[in-house]
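> Quick one: sequence and predicted model below, then my questions.
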There are 2 protein chains.
Amino acid sequence: MSYRVIKGTDFSDLLDGNVAFVLCIGNTMTAEIPGITVAGESPELIKFTPPADAELLCYGYCKSIPFPPATPDGKPTPALITYTALRLTHVPLFVVDSGLIEKPKMPYWTVNAPVGRNIAEESAMDLEDVKRTFNYGKILGKELSKEFDVLVIGESIPAGTTTAGAVLKAMGLDPKVSSSMPENPVDIKRRVMDMAVSRVESDDPLEIMAEVGDPVLVTVSGISTGFAKHVILAGGTQMAAVSQIVNALNPDAEVHIVTTKYVAEDKTSDIAEISATDVIASDPGLEKSTKAGLRAYGQGFVKEGVGAGGASLLVYRKGYTTEQFLREVERDYEVVVEQVRS
Amino acid sequence: MSYRVIKGTDFSDLLDGNVAFVLCIGNTMTAEIPGITVAGESPELIKFTPPADAELLCYGYCKSIPFPPATPDGKPTPALITYTALRLTHVPLFVVDSGLIEKPKMPYWTVNAPVGRNIAEESAMDLEDVKRTFNYGKILGKELSKEFDVLVIGESIPAGTTTAGAVLKAMGLDPKVSSSMPENPVDIKRRVMDMAVSRVESDDPLEIMAEVGDPVLVTVSGISTGFAKHVILAGGTQMAAVSQIVNALNPDAEVHIVTTKYVAEDKTSDIAEISATDVIASDPGLEKSTKAGLRAYGQGFVKEGVGAGGASLLVYRKGYTTEQFLREVERDYEVVVEQVRS
């Protein structure tokens, strides 16, 4: 099975309509807390991961850094999987600057999002900025719904699971919090989340995001709220948080979650419980790869990001098997990672 | 007749496909030459005209300035006509920052375009910036062609007819140069164009734009070159210049021009002669309006801009008559201009 319904009903046939892939990329200074994220080979490179992910989808290589983003021990970005999926499906890519430190070297949307501050120390964003960005996101979603039937929305924001976990916690949920690492640094994350959530004095979703969230959550929530048709939130913990925000604002909104099998099977996470919507887990089949960098996904590394789960489901809906898709991902891996590194 | 073929064949049926309306907005410091443009009520307001035009299309009112853009004697922006057309046709609006001094208060695309310098004094843009923006425009066009059949591209850039005229002249054409004023300030414009064109030492379209053009010309040319299907250039002199640039770069490109009847009938201009492509003139019927601000269009004021001609053709293809469209424009005029001013 290339995908499996984890919660609710099977909504995968939605992906047969007119689809656009929207990638929301941003930064939170929470990522500067040592050990909280591995979304970058070194602390200096972390801020380049979101623009480099977007560039990889656009060009098949990165412009802001010489190599594709990777963890400190060399596990490659999930943007690789999404790149192959978009290449195979010809779905248009719309990148949204959702609060970036470094801009991608390509065309992109802006919704005037602020960079998120470190939630361990202070409010993530000014409420005024959150409201404006949310509204710009809504307008963008509304314009796109004039032509597209479905938006698949992915994200790239280092330390985004921590801010999303804090939002979920502030909304009364008990997230286990997933991570890009098999040894999920639960202690650091939980301490940061607790410190942040202790400041929350409101149950308004926008105020909660302003205190403990990040600009990508705001942007994805805004776009999802404005898009009048179906939205596929492609991700794990972060998209679970978005599903709760959107559901709190508009219980009738048509949002759904697709994540990877690696998130769904993660014992340190519980995507079904923390999501307000139907959830599908898509299987990129990477554990059978001949490439160690891809096999690592099946061993609990990286697991999800850049909409990889949702993007792979797009491919399966076009009739590809898991095996066929894996061959295509490996083909791209040889060019995008191996040739560049050699 | 709501529209008329001025040159070549009737391509209006293209507008029955999946259409997006793209508005490219930017600035050239050439607009600071006294008397060269009336695209703003005062010299201080000129730089706000492009973002305010975009906001009007998005919201039905402006955010960057308290009133809709107008000429010093109060003739309203053609964005009014385009606003009504997009409202009636539900075509999605994509605004592109094509070198702005002031950003619009709404979501928009960026292609990292520079603000254009005053072509009377120096090179308009660095060639490196022109090449980058052109390429980003191409990428944007290519992504949009995955879903849309036709792009209608409009522009807003004060003094844009002067920079476009200089580009046409540098490419060997003899533009008469249209203007937003019935007493077209031909002397100033021609002097500026001559000064600028005397510096041109290349016949490469990108190098010509870098010397005497503006960032909107670069962006529209880039998008038109990247969009693999039909492009409707919605405008007068500026779009004629784009048609020449695109034609020089790729003679097989599928570009077409729609302008207003007011440009087509302007004795100080010759849109058919200076265009490299088929041309249609659309008639917004404004000379029959009960509103003096709209009737002025029929007397040679403003005439075109913000893609008004192309946008009105979209409405006619949906089956509206000129009279029906005029009633809708007047209805919006009462809200957008009269109520705000009173």
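Right, received. Where do you want to start? Residues are numbered from 1 along each chain as shown, chains lettered A, B, ... in the order given.

> from here on, contacts and neighbour counts on C-alpha atoms
Fine.

> Run a quick neighbour tally on the residue in chain A that chain B sits nearest to.
Nearest residue of chain A to chain B (Cα to the nearest Cα) works out as A:Trp109 at 4.2 Å. Neighbour count for A:Trp109, taken as other Cα atoms under 10 Å in any protein chain shown: 23.

> Then the one 3 residues further on?
Here the count is done by other Cα under 10 Å, and A:Asn112 has 25 residues near it.

> Quick check: it touching B:Pro107?
Yes - using Cα atoms under 8 Å, A:Asn112 is in contact with B:Pro107, at 7.4 Å.

> what is in contact with these two at once?
A:Tyr136 (Cα atoms under 8 Å, 6 or more residues apart in numbering or on different chains).

> where does the stretch 101-250 of chain A come near chain B, residue by residue?
A:106-112, A:136-137, A:139-140, A:143-144, A:146-147 (Cα under 8 Å from any Cα of the partner chain).

> one more time with 6 Å
A:Met106, A:Pro107, A:Tyr108, A:Trp109, A:Thr110, A:Val111, A:Tyr136, A:Glu143, A:Lys146 (Cα under 6 Å from any Cα of the partner chain).

> what's next to stretch A:48-57, contact-wise?
With contacts defined as Cα atoms under 6 Å, 6 or more residues apart in numbering or on different chains, stretch A:48-57 is touched by A:Ile25, A:Cys62, A:Ser64, A:Pro69, A:Ala79, A:Tyr83, A:Lys103, A:Pro104, A:Ser156.

> out of these, which are inside helices?
A:Ala79, A:Tyr83 (DSSP state H).

> Give me the contacts around the host helix or strand of A:Leu294.
A:Leu294 belongs to helix A:292-298 when assigned by DSSP states H and E. With Cα under 6 Å, 6+ apart as the test, helix A:292-298 has contacts from A:Lys75, A:Leu286, A:Glu287, A:Ser289, A:Lys303.

> What number of residues are in the vicinity of A:Ala248?
Residues near A:Ala248, counting by other Cα under 10 Å, number 16.

> And A:Lys267, by the same measure?
12.

> OK, contacts around it?
No contacts exist for A:Lys267 under Cα under 6 Å, 6+ apart.

> ok, now how distant is it from A:Pro175?
As judged by Cα to Cα, to the nearest Å, A:Lys267 and A:Pro175 stand 12 Å apart.

> circling back: list the contacts for the residue of chain A closest to chain B?
A:Val96, A:Asp97, B:Tyr108, B:Trp109.

> Identify each buried residue in stretch A:291-300, please.
A:Gly293, A:Leu294, A:Arg295, A:Ala296, A:Tyr297, A:Gly298, A:Gly300 (16 or more other Cα atoms under 10 Å in any protein chain shown).

> How about the contacts made by A:Gly235?
A:Thr259, A:Gly307.

> go again using 8 Å as the cut-off
Applying Cα under 8 Å, 6+ apart, the residues near A:Gly235 are A:154-155, A:257-260, A:304-310.

> Same check on A:Ser42?
Taking Cα under 8 Å, 6+ apart, we find A:Ser42 in contact with A:Pro72.

> Are we agreed that it is in a strand?
No - checked against DSSP: H, G, I helix; E, B strand; the rest coil, A:Ser42 lies outside a strand; its state is coil.

> Would you mind stating the distance between it and A:Pro69?
Distance from A:Ser42 to A:Pro69, by Cα to Cα: 10 Å.

> All set, thanks.
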